[in-house]
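In: predicted model, plus sequence, below.
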Amino acid sequence: MRPASWGVLGLSPVRMVALAVSAGAVTAACILAFTIGILGGVSVLLAVAVGGAATYLVASLPKRSLDRSALLQAREAPELAASAAVYLQSTGSRSRTILMLHSQEPRLDGLIERAKKHTLLGLDPSAAFDGSEAVRADSTAGILSAVTRAQGEKLADGGEELDGMVRASLASEETKFPVFLTVSFFLPIMLMLLVAVGHHDSTDAVLSLAAVEVLILDLVLSFASAERKRLSE
Amino acid sequence: MSSAEMRRMNKLRQVMRLSARGKGMAASVVETFKDSEIDEERKTARRILLGRPLEDSVGAMTSGGGQSRDLLLYLVDQAKMNAPEASRQADRLTAMFERWVRAKQERLVDQRIMQTRSVMVSAILGGVTAMLAALAPVLSTFQLTLTQQAAAPAGSQYLGLFLAVPSAFFLGMFFSPRRALLNSAISAAAYMLVVYFFAPLVLAI
């Protein structure tokens, strides 16, 4: 979670904090309602831990969204560089090149559209690109900078950055996978032990514990599968 | 799926080679795909020969996803500007896309191995949980607190299914959302089997 990512997406920090805390509070209340009769005082600790995890997951949604944008932009960079080189060489015009550029990544496409408006209004298009938070990949930033300066020879495809991002995502996935496997394997076993040893073998108690299990597994799945989803796109 | 993607990528490389020599993008596409065994590729060549614009003709080949689609769209788009230059620039793109396809292919193999492992873990999970459920009457006699413990009723062994099946479902969701139900079914089957054979033994003891 990085509050800076909220600012990039134009989200109000107060609203984001309220949303994240509300999500955490609702999750904690659910855990408390399901387990207070079974675990007693321990259920408060469990509710605080699971509520905290839910708060973190909601608060870090914008950061995960920006990471996804960065990977998409880095993946698109070689195509963008090749297109820009063709346009620059064919038209010999910086303005025409900017007017022909487009991107499949929504945030970058929005930025390019803004630069096109600047160009059509006779303003300097580099003002739209410079320091823009919508550009998440360095290679894309380099390409846009080269285009605005009409430096076709400096258009690099950014393959190394993409490789680095993919490797980082794979490493992160490999770290989180054992966590998910351990939780999903041992959680039902621990709960079954609790049922057996603590005599919580009524249908209501087992269903309550099953609901808690689903809540926890859902949170762990969201936490562990972010990189997996990003790489599968 | 990925080997087809690689084959298409190699053919697009040939299109680029021909186009870079100044043959023209449409003529290069026809030259490359006219004898293809794949129906949509032959259709594309036929449409171009019938006089339809290149952009419309490649519609059948761009309906699927993948990197070859991106490359083809790039070539068609840039051909309007400067086909030989676009083909020269695309050569670097092909190398990058091929690397990407290979990485995806490797990932696909890894994913299949992990899916099989997740099914095995689900079965083991079902078995272990069932064993604990079957042992519940024994475990419940352990004096862990100072209060008097009552023995668990024997009929509650199947309640453990509510704990094992969701976990197996989430395991399946992690590896392949389409096969999540398979994990649940295998876990449930393992659970039932273990309870059916193991619970009478515990009760007899």
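Out: Yes, it's here.

In: give the contact list for residue 27.
Out: No chain was given, so I picked chain A. Residue A:27 makes contact with A:50, A:51, A:53, A:54, A:215, A:219, according to Cβ atoms under 8 Å, 6 or more residues apart in numbering or on different chains. Any C-beta I mention is one placed from the backbone N, CA and C, and that applies to glycine too.

In: actually, chain B is the one I wanted.
Out: Residue B:27 sits next to residue B:18 when contact means Cβ under 8 Å, 6+ apart.

In: where do the helices sit along chain B?
Out: Along chain B, the stretches classed as helices by DSSP state H are B:2-20, B:25-33, B:39-49, B:54-57, B:67-134, B:136-139, B:161-175, B:180-204.

In: so which elements touch the fifth one?
Out: The criterion is 3 or more Cβ pairs under 8 Å, 6 or more residues apart in numbering or on different chains; DSSP states H and E, and the helices and strands that helix B:67-134 contacts are helix A:61-91, helix A:159-198, helix B:2-20, helix B:25-33, helix B:54-57, helix B:161-175, helix B:180-204.

In: how is the chain divided into domains?
Out: Going with chain A. For chain A, automatic domain parsing gives the domain ranges A:1-59, A:66-157, A:160-233.

In: hmm, I had chain B in mind actually
Out: Per automatic domain parsing, the structural domains of chain B span B:2-107, B:110-204.

In: tell me the confidence at residue A:100?
Out: Per-residue pLDDT puts residue A:100 at 84.

In: same question for residue B:48.
Out: 90.

In: quick one: it and residue B:59 touch, right?
Out: No: counting by Cβ atoms under 8 Å, residue B:59 is not a contact partner of residue B:48; they are 11.6 Å apart.

In: these two - which one has more neighbours?
Out: residue B:48 (21 against 13; other Cβ atoms under 10 Å in any protein chain shown).

In: list the residues that contact residue A:21.
Out: residue A:55.

In: tell me the angle of the helix or strand containing it relative to helix A:159-198?
Out: Residue A:21 is part of helix A:13-39 when elements are defined by DSSP states H and E. Calculated by axes from the mean of the first three to the mean of the last three Cα atoms, to 10 degrees, helix A:13-39 forms an angle of 30 degrees with helix A:159-198.

In: what about residue 161, how many residues close to it?
Out: As the question left the chain open, I've gone with chain A. Residue A:161: 21 neighbours (other Cβ under 10 Å).

In: hmm, no, I was thinking of chain B.
Out: 21.

In: and the nearest residue to it once chain neighbours are set aside, what is it in contact with?
Out: Counting by Cβ to Cβ, 6 or more residues apart in numbering or on different chains, residue B:191 is the residue found nearest to residue B:161 once chain neighbours are left out, at 5.6 Å. Taking Cβ under 8 Å, 6+ apart, we find residue B:191 in contact with B:126, B:127, B:129, B:130, B:133, B:160, B:161, B:164, B:165.

In: show me the shaky parts of chain B.
Out: B:1-3, B:64-67, B:143-155, B:205 (pLDDT under 70).

In: who's in contact with the spatially most central residue of chain A?
Out: In chain A, the centroid-proximal residue (Cα atoms, centre = their mean) is residue A:64; its distance is 1.3 Å. Taking Cβ under 8 Å, 6+ apart, we find residue A:64 in contact with residue A:226.

In: phi and psi next, for the residue located most distally from the centre of chain A.
Out: What lies farthest from the middle of chain A is residue A:199; by Cα atoms, centre = their mean that is 42.4 Å. Main-chain dihedrals, residue A:199, degrees, to the nearest 10: phi 60, psi 30.

In: and residue A:133, by the same measure?
Out: Dihedral angles of residue A:133 (phi, psi; degrees, to the nearest 10) stand at phi -80, psi -10.

In: look up how far residue A:108 lies from the closest residue to it other than its chain neighbours.
Out: Counting by Cβ to Cβ, 6+ apart, residue A:133 lies nearest to residue A:8, which is 4.2 Å off, once chain neighbours are set aside. Distance of residue A:8 to residue A:108, given as Cβ to Cβ, to the nearest Å: 13 Å.

In: which residue of these two possesses the greater neighbour count?
Out: Legend: neighbour count by other Cβ under 10 Å for residue A:8 and residue A:108, higher for residue A:108 (25 against 18).

In: who are the contact partners of the closest residue to that one other than its chain neighbours?
Out: The shortest distance from residue A:108 to any non-neighbouring residue, by Cβ to Cβ, 6+ apart, is to residue A:73 (5.6 Å). By Cβ under 8 Å, 6+ apart, residue A:73 lies in contact with A:103, A:105, A:107, A:108, A:135, A:136, A:137, A:139, A:140.

In: ok, so of these, who is nearest residue B:72?
Out: residue A:103 (17.7 Å; Cβ to Cβ).
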